[in-house]
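S.K.: Next comes the sequence, and after it the predicted model I'd like to discuss.
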Amino acid sequence: MSDRRTYPIRAALAALALIATKFLPAPVAAGDLPIFDAHVHYSHDAVQRVPPQEAARLLREAGVVAALVSSSDDTGTQRLLAAAPDIVVPALRPYRRRGEIGTWMHDPTVIDYLEDRLSRFSYRAIGEFHAFGTDINTPVVQRMIELARERNLLLHAHSDAEAIDLIFQTWPEARVLWAHSGFDGPAAVRGMLRKHDALWSDLAYRSDMARDGKVDPDWRAAFEEFPDRFMVGTDTFAPERWYYIGPHAEFSRSWLADLPDGLAARIAHENAAAMLKAAQ
Amino acid sequence: MRHCPAIALSLGAVIQAGAASAACVPPDGAIALRSSGTETPVFFDMGTPLAPVSVPFAALLVLCNPADGELRDVTATMPAHGHGMNYRPTIRQDGAGAYRIDGLLFHMPGLWRIEAVLQAAGETRRYAAEVTAE
Amino acid sequence: MTGRALPALLMVLCLATGAGAEPPRLLLDPDEIAATLRHGPWPPPPPQDPSNRLSGNRDAISLGRILFTSPALSRDGATSCATCHRPDRMFQDGRATPAQARRLPRNSPALVDVAFNRWFGWDGRSDNLWSQSLLPLLNEEEMDMDFGRLKTAAGTAPWRPDYETLFGPLAYRSPEDVAIDISKALAAYQETLLSGPTPFDRFRDALAAGDLTAAAAYPEAAQRGLKLFIGRGNCALCHSGPRFTNGEFHDAAVGYFLPQGGVDPGRHRGLTLLRASPYTLDGSWSDDPDRTGAWAVRSVLDSHADFGRFRVPGLRNVARTAPYMHDGSLSTLGDVIAHYSTIDPERLHADGENILVPLGLSPADASDLEAFLRTIDSE
């Protein structure tokens, strides 16, 4: 057991870690890579459980300098915008409750809701919405795209490749942020980015880009071919996930550290900012 | 870790098949993984037709034509559930075009899609097939 | 014999039991019989842990039994393992969360059959039973000891002679050695906490043996519940195998806010602690030169879904281990069934595991499912 005796400090540190009972995110060190979190929701139940000031604190503590926020219903986005106007980039989600994810495209009252919110508040995007394949051709989705076109708003689409193609068929000048990069592999994502110049890809809720801090070669090739199209996002789909914003920012920094500094900064925050500027 | 004795028995036969790609015939029970980019399959041999559930197991992966590339990764996902494995299997080369995969664990019963990623001359090719865990 | 091999005529088997009596029936089809067989046999061979040289050692088991109820292992001199893991309650405490420790947000899990785990604790922060047994000794919310205090306690404890018989003179053991010795003795004892066969196992074994007369004696309500469990309910996707668990981590749509603020990150935090621990199967404190089982800690992957995921508990003796879920938030089996019947899909990611949907069980379905669960009981 002689080797064990040489590690008393390690053992003590490990014991300290083992008995830790507080689960707070680590404070962000000065100089940490700023993060534009391009996939944040602040829905009705999150507003109740994580008040706006607390949500704003979690964003700041994580080093999130900007966040594309959409909520079910939109009240959450407006309240968070008031609490953190320097961070929140408001997007309008076509849902009043998350449970409408699979039905909204068949519900004409969604349009009433969108028109009402658009007439009263200012947004930079419509989304994140879920639409697959020919869902895009339904009157509700077509009207939603028209509303975006009238205001030159970005579309944040949780969609498959077919639906993305149909969005661009409907509105060739659209600017689209592809949520989760469609959960497609890097080769398929590259194909879509080649096809559509105004398509950006968020990497929310996926971790296949890297393992043990090393970027996957196929993803690296995608980032190198399209250094200005990718961005990161947490996806706070349940209220508790707000406490994952900090760990997720750390996760993003850990794998981005395997990329050249300039490329890492683009994916971390610059691309999202440039995308929104392009949509102005 | 549990090992599959049938794998050891069939390894020789598969490698022999790999050496003569023209007559590349899998041993009983091996699954042919295919890629849209090529006609030549890659064989995945668990030593049993059904994968176990929640028990780690090993498999052999054999290229009919070793020149098709080097095995870079093996993954498995459940298409119906949208999740993969919770563990990263280890890959050890076991002769020309032959690899031993350890640490596969399918934590749910049902259909799993196995994917082998081969790298050759800067090109990545993905071979896939479905197996059932029961 | 497999279910698929059974003739189709056995899909519904009627056996006369006497004039005027309703004949017992076998309600399962061949696929359901095959699925049922996969939940056995039980009991399995006794567990052995090569990372613990005391595993199966009679003297260590005896010492572990004493240590398990020894308040000398706590700073307040009043708490023992048995405080929360009561031998008269399937080695849990029947409470939502422990009473004496105000900031422990998790339910005390039952320890019967614990030795068969791949991961230990609700978040899987340990990959072996002895390192898991160390944690409550050191946790300030539980026994609140440190290595030095444990050695001091051993010096004056009535069980010191038993300890020294196993490990040699206490004076020659470092404080950390003593802590690990105690943990390994505790683990050796807990390995002996095994459940016996149940009415379900008798049913399953009868099916395996082709004794359909015996199988048909299994209550029809339990058979209907079993059909739901392995069928429409999707329960067996996670609660699989002879222990009715796949041993992994899932989001069961149970909230994980903490009463004191913040959240319980579950498996996400468990993996961080696991990787920081020197006491894994891959570490130098393992007694197994082959590092059997260390593949798991070496190769386990991170996932965003880990945040708020908890270990799937085994279901043997589940009727006697209330309350339920990682935080003890569901009081009865009926509450658990109602939870899955009316689960809130809004809590789950649209591209998550895509398994949990509201089952919409009728009261009769819920009653049948509970009747089945109550037959996985070795009492």
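M.R.: Nice, I can see it.

S.K.: separation between the residue positioned nearest the centre of chain B and chain C?
M.R.: In chain B, the C-alpha nearest the mean C-alpha coordinate belongs to residue B:44, at 3.2 Å (Cα atoms, centre = their mean). From residue B:44 across to chain C, the span is 19 Å (Cβ to the nearest Cβ, to the nearest Å). (C-beta placed from N, C-alpha, C; glycine too.)

S.K.: where's the residue nearest to that residue when sequence neighbours are not counted relative to chain C, distance?
M.R.: Nearest residue to residue B:44 in three dimensions, chain neighbours excluded: residue B:31, at 4.7 Å (Cβ to Cβ, 6 or more residues apart in numbering or on different chains). Distance, residue B:31 to chain C, by Cβ to the nearest Cβ: 21 Å.

S.K.: Residue A:163 now?
M.R.: With Cβ to the nearest Cβ as the criterion, residue A:163 and chain C are 14 Å apart.

S.K.: in what helix or strand does the residue of chain B found nearest chain A lie?
M.R.: Here chain B gets closest to chain A at one residue, residue B:124, 5.8 Å apart by Cβ to the nearest Cβ. Per DSSP states H and E: residue B:124 is located in strand B:123-133.

S.K.: picking that back up, please name the residues that touch the residue nearest to the centre of chain B.
M.R.: B:30, B:31, B:32, B:33, B:59, B:60, B:61, B:114, B:116, B:129, B:131 (Cβ atoms under 8 Å, 6 or more residues apart in numbering or on different chains).

S.K.: got the angle for the host helix or strand of the fifth one vs strand B:123-133?
M.R.: Counting by DSSP H and E, the element that carries residue B:59 is strand B:57-63. Computed with axes from the mean of the first three to the mean of the last three Cα atoms, to 10 degrees, the direction of strand B:57-63 lies at 140 degrees from that of strand B:123-133.

S.K.: do strand B:57-63 and chain C meet?
M.R.: No. Shown here: strand B:57-63 not in contact with chain C (Cβ under 8 Å from any Cβ of the partner chain), separated by at least 10.4 Å.

S.K.: what's near enough to touch the residue in the stretch 51-200 of chain A positioned nearest to chain C?
M.R.: The stretch 51-200 of chain A approaches chain C most closely through residue A:98 (4.2 Å), counting by Cβ to the nearest Cβ. Going by Cβ under 8 Å, 6+ apart, residue A:98 touches A:41, A:43, A:72, A:237, C:346.

S.K.: ok, so what distance separates the fourth one from chain C?
M.R.: By that I understand residue A:237. Distance from residue A:237 to chain C, by Cβ to the nearest Cβ: 5 Å.

S.K.: now the first one
M.R.: As for residue A:41, its distance to chain C is 11 Å (criterion: Cβ to the nearest Cβ).

S.K.: you'd agree that residue is up against residue A:234?
M.R.: No. Checked against Cβ atoms under 8 Å, the pair residue A:41 and residue A:234 is beyond contact range at 9.2 Å.

S.K.: Of these two, which one has the most company?
M.R.: Between residue A:41 and residue A:234, counted using other Cβ atoms under 10 Å in any protein chain shown, residue A:234 has the larger neighbour count: 29 against 25.

S.K.: For the more buried one, which non-adjacent residue is spatially closest?
M.R.: residue A:248 (4.3 Å).

S.K.: again, but for residue B:73
M.R.: residue B:117 (4.1 Å).

S.K.: Quick check: the one you found is in a strand.
M.R.: Yes. Under DSSP: H, G, I helix; E, B strand; the rest coil, residue B:117 falls within a strand.

S.K.: residue contacts, it?
M.R.: B:71, B:72, B:73, B:74, B:75, B:124, B:125, B:126, B:127.

S.K.: How about residue B:76?
M.R.: B:84, B:85, B:104, B:106, B:112, B:113, B:114, B:115.

S.K.: Can you say which helix or strand has the fifth one in it?
M.R.: Okay, so that is residue B:112. Secondary structure assigned from DSSP H and E places residue B:112 in strand B:110-120.
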